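Asks: Predicted coordinates and the sequence they were generated for:
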Amino acid sequence: MLEELKTFMAVVEQENFTKAGEIIKLSQPSVSLHIKNLEKYFNTTLITRSSRQKNIIITESGRLLYRRAKEIFRLVENTTNELKNISSSLKGHIKIGSSLTIGEYFLPNFLKQFSMDYPDIEIEVIIENTASICEGVRNLKLDFGLIEGIVSSHDFKQEYFLEDSMVLMVPYEHPLTKDEFTYDKLQNLRWISREFGSGTREYLDIFLTTNEIVPRNIMVLGSNYAIKEAVKNGLGVTLISNYVAKEAYKNKEVSIIEVDNSFKRHFSYLISKDISLSMISKVFIESLSAYSDKYDIERQ
């Protein structure tokens, strides 16, 4: 619509289709099409043309639309300048708690873009498990948290911003990948897991219980990298975020077995219900949501 209005304004100001097209770098047929589209949209005649199309007459409707179009473009220009001023004037410090998977595999690329858009905002990211982040948000030691677990407390507002898939990660060319896979084959294996309190551990426990899988034992490691290395070296199997597993899979360090859709989960931001977010926090979350929507589309 803005492009059509821009074309219409040029035609009114030049009183000629061809000259208008030269100024806005459109062919004369494209100019005519823009005007027709506007007349169809508003269901009225905006310009009366002579038989030779050398002279044009702006109708009363056309004059009204021209005035409104001028106002619209003035508003667009003012809004653009205001948004630039917000970006350039926002200064301050923000302290965020992030779970390990989000902090290692998603956040860095987002922070690169955010820091370019808002260079005067200082960002401090504390990497913790979901339980610790909840405690930090509850005690107002964190502005908000980015987590991958499920929070049932009524102390928080929790909103999803990105979907994540959990996958089985096993040693490269493990026997589980060679035959038809069934959950029964996961019995009596050593499982590699994150610590209690992490979102990843929570989903592993749900997975084992749901499928009535009894591990031979569970090895607990405190980082995704350590878990990946343990699986790579044949120490056991794990259920982990696809973000963690996919690079190792591409490098033929591990193999991946997909599980059913019930083990998809969401990354979410967590806010205390006892506070109002600062402008910086609001801008961060809005930018995060916009970036996540684009990221989700690009990876499909």
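Replies: Done, it's in. Numbering: from 1, shown residues only.
Asks: Please parse the protein into its domains.
Replies: The chain breaks down into these domains under the TED database: 1-81, 93-155+273-299, 163-265.
Asks: so can I have TSV of the ones you listed showing mean neighbour count?
Replies: No exception for glycine: its C-beta is placed from N, CA and C like everyone else's. Below are those laid out as TSV (neighbours: other Cβ atoms under 10 Å):
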stretch	mean neighbour count
domain 1-81	15
domain 93-155+273-299	17
domain 163-265	17
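Asks: Turn those into a markdown table, columns for mean pLDDT.
Replies: Converted to a markdown table, the domains of the chain look like this (pLDDT from 0 to 100):
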| stretch | mean pLDDT |
| --- | --- |
| domain 1-81 | 86 |
| domain 93-155+273-299 | 88 |
| domain 163-265 | 90 |
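Asks: the longest helix in this protein is where?
Replies: helix 60-89 (DSSP state H).
Asks: Show me what that helix is packed against.
Replies: Packed against helix 60-89 by the contact rule (3 or more Cβ pairs under 8 Å, 6 or more residues apart in numbering; DSSP states H and E) you find helix 2-14, helix 28-42.
Asks: which residues sit against the shortest one?
Replies: What it means is helix 2-14. 17, 20-21, 23-24, 26, 30-31, 34-35, 37-38, 41, 46-47, 56, 58, 62, 65-66, 69-70, 72-73, 76 (Cβ atoms under 8 Å, 6 or more residues apart in numbering).
Asks: In PDB, please show the C-alpha coordinates belonging to the helix or strand that comes right after that helix.
Replies: Toward the C-terminal end, the helix or strand that comes next after helix 2-14 (DSSP states H and E) is helix 17-24. Below are the C-alpha coordinates for helix 17-24, written out as PDB (Å, rounded to 0.1, in the frame of the first residue of the first chain):
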ATOM      1  CA  PHE A  17       2.200   9.400 -15.500                       C
ATOM      2  CA  THR A  18       5.400   9.200 -17.500                       C
ATOM      3  CA  LYS A  19       7.200  11.900 -15.500                       C
ATOM      4  CA  ALA A  20       6.100  10.400 -12.200                       C
ATOM      5  CA  GLY A  21       7.500   7.000 -13.300                       C
ATOM      6  CA  GLU A  22      10.800   8.600 -14.200                       C
ATOM      7  CA  ILE A  23      11.200  10.100 -10.700                       C
ATOM      8  CA  ILE A  24      10.200   7.000  -8.800                       C
END
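Asks: who does helix 17-24 touch, helix- and strand-wise?
Replies: Looks like helix 17-24 contacts helix 2-14, helix 28-42 (3+ Cβ pairs under 8 Å, 6+ apart).
Asks: I'd like to know which of those lies nearest to E124.
Replies: Evaluated with Cβ to Cβ, the helices and strands packed on helix 17-24 place helix 2-14 nearest to E124, the distance being 40.0 Å.
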